[in-house]
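Peer 1: Here is a sequence together with a model predicted from it:
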Amino acid sequence: MNQLKKQLLCLAALVSAVPLHGALNTTTNIVPRSQSFNAARQLVGWDNSTWGIFRKADDDRYFTSFNLTFAYNQTFRNNRLTAALFGDDLVCAGCDNDLAINVSGSLVPNRGANDWLADYFGLPANFQSTVTFNPKISNFLLDFSMYTGLDAWREGLYFWIHAPFVHTKWNLNATECVGSTYTGTPYPAGYFTSVAVPATNMLPSFLDYANGATPSINPAYGEDENATWQPLCCGRMINSCDCACDDGFIRNGFGEIRMALGINFFGDEKENDSHLGVGVYAAAPTGTRVGHSRYLFEPIIGNGKHWELGGQISGHSIWWRSEDENRSFGVYFLANITHLFGAQQTRCFDLCSAGSSSRYMLAQNLEYFGPDATLGSTLAPVTLNAVACDSASLQFDNQFAPVANLTRRQITSTIGAQGDLAISFAYQCKSFQWELGYNFWGRSCEEIRISNDCCPVIMGTWALKGTAYVYGFDTVYGNLPVPLAASVSTATIHGDSYNNLTTTGTVNLNADNSVAAVDTLGGFLRSAPSGGTLVYTSNPPVIISEADFNLTGTRGISNKLFTHVNWAWDHCKDSKWSPYVGVGAEVEFGGGHKINCSTTAYGNCNNSCNNSCNNSCNNSCNNSCNNSCNNSCSSSCNNSCDNSCNPCTTGCNYPTTTQTCDTLKTCCSNVALTQWGVWFKVGSSYN
């Protein structure tokens, strides 16, 4: 019974044209409809009972029709793509309705509630900028198609195959307007390292960080090596100023090779005036694999390397034909429905507990240090602190990493059902045919599981930093810096509720399971070498685990209108050849989250930072196309797969105090492209 309910819910989601706006449940990858899965473009041109494919072969012979299609399509209403990636963190940036995120440091007065915290990105504490996005996707296609009627073997038997070559270009069009040059207030000792970090050591822009740059934080006190900050190795965003990286957005290759083997049943009275065809439909993946690059908006050809198997249904009926049989009006339809088998991909994930875009947050590494530097909640005998106060003896180990580096995994993506239905109304006058049609495409929510058939990832012991201090100081014993274990699991991409840089009270009071930090010498730790306030730590800290990875996938629904004009030279050269040529156009409307810049919820365009920047690339572009990653960015997967995130039930607004991965699956985001396209088709039938 439960399985039946799931199937009915899946079917309802697939056929519904009403988008689900899981506003805060954004997607970490845009995986659109495959360029080769287009029933409208597949149907037109040869959907004709005179020279086309929906007819019986003469005298039960073979007949073949083949064509070559040159096509181009391009997205519009690009704000829907931006909304799918960044959700409700967006503001309207400029009166041209471009969308942006605001980035601000923890020392900025009156920070916006949806501002991304600059501290996470190695930016100065008083940093402010607006990052604007205008994502675009364009495709050039060269589609080779062939249809063969095999009536000599079995009346109505046919074989259909086509394979498009695709040139695709994706551009996030990210530009950043930085408010000013920040060279003032340093980060205090204890916040990143045991010594203060000057603003000049931090990065100049968010997009520098998003392209893999890292800040130069000072050597840790008493240590020979620097505290390390790993570069972002997943979900990168290329600055549109950096024209040298343009090739990184381009891919060339074949989409899936799609084929069908079926049989047509023709009407009895006038055999070519109606038919119904059924067949087995399959697709062999030849495109690109998701996660091929390390970028948020990566070019994808095809369906993401899925094998497909399903069925095909076709049909036509001539509703009216003139007495001289030179003119007719009828309807044609083609439907392809498939299951997409599991495909190996690489993705990075948000954390269910921390919400959308949490993969860009900052994590700290905690390691076992033994009883010589133990922290606790109360003063205890030196020999007991390790057991009584923190049995794990975890402390900060001078390492920071973006959460995306920790959640990057090889996964298996499976899609239950995908459907593509095209229906066309065609008017024919001798060798001329004009048709107008509608196309529906839908894809059910993908199921994602972390693969367990490869070498394990040594994830380490990592926790969210938030605005917590990572060092405290024993001011009684020579200002000795002591690494803490203060995690803030309630932090989000916007920061946390207790800003430790601005508080005048106890530091790290908002840490998980917060307790006063005490070292084995018996000293209560302070927030600064000069004294400061008491500093707290976590006992125990909350560690990031795979069980908190948000494995929610995406689904897609779109509606399309198309038209095509065709001309044929019927039965040329001893009635064997019927060449034809045609042009067509389509406009497709994808579902997804809509953002209206006229509403106050997304800000006032007149207050945009872009008014001063004029959308120009006024920021220097460093070597932001550095694709190299250190060894900490392993693309291998973990063999301790925890799939408890998958059986989700309800709830879309997260994070909340009660939100878990189990409540997110019904928030499967509807991500489908809104685009227009044109094509030119030339081919011939041979009897």
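Peer 2: Structure's in. What do you need?

Peer 1: Could I get the full set of strands for the stretch 1-150 of the chain?
Peer 2: 62-75, 91-92, 99-104, 116-117, 128-133, 136-150 (DSSP state E, counting those that start in this stretch).

Peer 1: For T228, which of those is the nearest?
Peer 2: Among the strands of the stretch 1-150 of the chain, the nearest to T228 by CB to CB is strand 116-117 (20.4 Å). Using the backbone N, CA and C atoms, a C-beta is placed for each residue, glycine as well.

Peer 1: strand partners of that closest one, parallel vs antiparallel please.
Peer 2: Partners of strand 116-117 in the sheet, by DSSP bridges, are strand 99-104 (parallel).

Peer 1: hey, C-alpha coordinates of the strand it pairs with in PDB?
Peer 2: The C-alpha coordinates for strand 99-104 follow below in PDB (Å, rounded to 0.1, in the frame of the first residue of the first chain):
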ATOM      1  CA  LEU A  99      19.400  39.200  -9.000                       C
ATOM      2  CA  ALA A 100      22.200  39.200  -6.500                       C
ATOM      3  CA  ILE A 101      23.400  38.200  -3.100                       C
ATOM      4  CA  ASN A 102      24.900  40.600  -0.600                       C
ATOM      5  CA  VAL A 103      28.100  39.600   1.300                       C
ATOM      6  CA  SER A 104      28.900  41.400   4.500                       C
END
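
Peer 1: can you tell me how far R408 sits from T26?
Peer 2: 17 Å (CB to CB, to the nearest Å).

Peer 1: Check the strands of the stretch 1-150 of the chain for me: which has the lowest mean pLDDT.
Peer 2: Ranked by mean pLDDT, these end with strand 91-92 at the bottom, a mean of 88.

Peer 1: Which other helices and strands does it contact?
Peer 2: strand 99-104 (3 or more CB pairs under 8 Å, 6 or more residues apart in numbering; DSSP states H and E).

Peer 1: Return the angle between stretch directions for the strand it packs on and strand 128-133.
Peer 2: Counting by axes from the mean of the first three to the mean of the last three CA atoms, to 10 degrees, strand 99-104 lies at 160 degrees to strand 128-133.

Peer 1: Give me the residues contacting strand 99-104.
Peer 2: Contacts to strand 99-104, defined as CB atoms under 8 Å, 6 or more residues apart in numbering, come from residues 79, 82-83, 86, 89-93, 111-112, 114-118, 121, 123, 127-133, 206, 595, 597, 602, 608-610.

Peer 1: ditto for stretch 67-79
Peer 2: With contact meaning CB under 8 Å, 6+ apart, stretch 67-79 is reached by 41, 45-46, 81, 97-99, 134-145, 164, 580, 586, 594-595, 673-684.

Peer 1: Mind doing that once more with 7 Å?
Peer 2: In this structure, residues lying in contact with stretch 67-79 by CB atoms under 7 Å, 6 or more residues apart in numbering are 41, 45-46, 81, 97, 99, 134-145, 595, 673-683.

Peer 1: quick one: buried residues of it?
Peer 2: Under the neighbour-count criterion of 16 or more other CB atoms under 10 Å, stretch 67-79 has N67, T69, A71, N73, T75, N78, N79 buried.

Peer 1: Turn these into CSV, columns for distance to P540.
Peer 2: Shown next, in CSV, are these (distance: CB to CB, whole Å):
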residue, distance to P540
N67, 66
T69, 62
A71, 58
N73, 53
T75, 48
N78, 45
N79, 44
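
Peer 1: Would you check which pair of those residues lies furthest apart?
Peer 2: N67 and N79 (36.0 Å).

Peer 1: neighbours of S497, just the number please.
Peer 2: Neighbour count of S497, defined by other CB atoms under 10 Å: 12.

Peer 1: picking that back up, so among the contacts of stretch 67-79, which ones count as buried?
Peer 2: Using 16+ other CB under 10 Å, the buried members of the contacts of stretch 67-79 are 41, 45-46, 81, 97, 99, 134-141, 143, 145, 595, 673-675, 677, 679, 681, 683.

Peer 1: Turn the strands of the stretch 1-150 of the chain into CSV, including distance to N539.
Peer 2: Output for these, formatted as CSV (distance: least, CB to CB, whole Å):
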stretch, distance to N539
strand 62-75, 51
strand 91-92, 39
strand 99-104, 32
strand 116-117, 25
strand 128-133, 36
strand 136-150, 49
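
Peer 1: List the contacts of L351.
Peer 2: If a contact means CB under 7 Å, 6+ apart, then L351 has S358, V403, I544, D548, F549, N550 as its contacts.

Peer 1: Name the member of those that has the highest neighbour count.
Peer 2: V403 (29 neighbours).

Peer 1: Please enumerate the helices of this structure.
Peer 2: 2-15, 39-43, 79-86, 206-210, 385-388, 403-407, 572-575, 610-613 (DSSP state H).

Peer 1: Report the mean confidence score over the fifth one.
Peer 2: Looking back up the chat, that one is helix 385-388. Computed over helix 385-388, the average pLDDT equals 37.

Peer 1: which residues are contacting stretch 129-140?
Peer 2: Identification of contacts with stretch 129-140 by CB under 7 Å, 6+ apart yields 35, 72-75, 78, 81-82, 93, 98-103, 166-179, 205-207, 297, 608-610, 615, 673.

Peer 1: what's the span of it from first residue to last?
Peer 2: Using CA to CA, to the nearest Å, the end-to-end distance of stretch 129-140 comes to 36 Å.

Peer 1: Likewise for stretch 178-195?
Peer 2: Distance across stretch 178-195, first residue to last, is 27 Å (CA to CA).

Peer 1: cool, stretch 522-531 as well?
Peer 2: Start-to-end, stretch 522-531 (CA to CA) is 16 Å.

Peer 1: Tell me the confidence at the nearest residue to L172 once chain neighbours are set aside?
Peer 2: The shortest distance from L172 to any non-neighbouring residue, by CB to CB, 6 or more residues apart in numbering, is to F297 (4.2 Å). Per-residue pLDDT puts F297 at 92.
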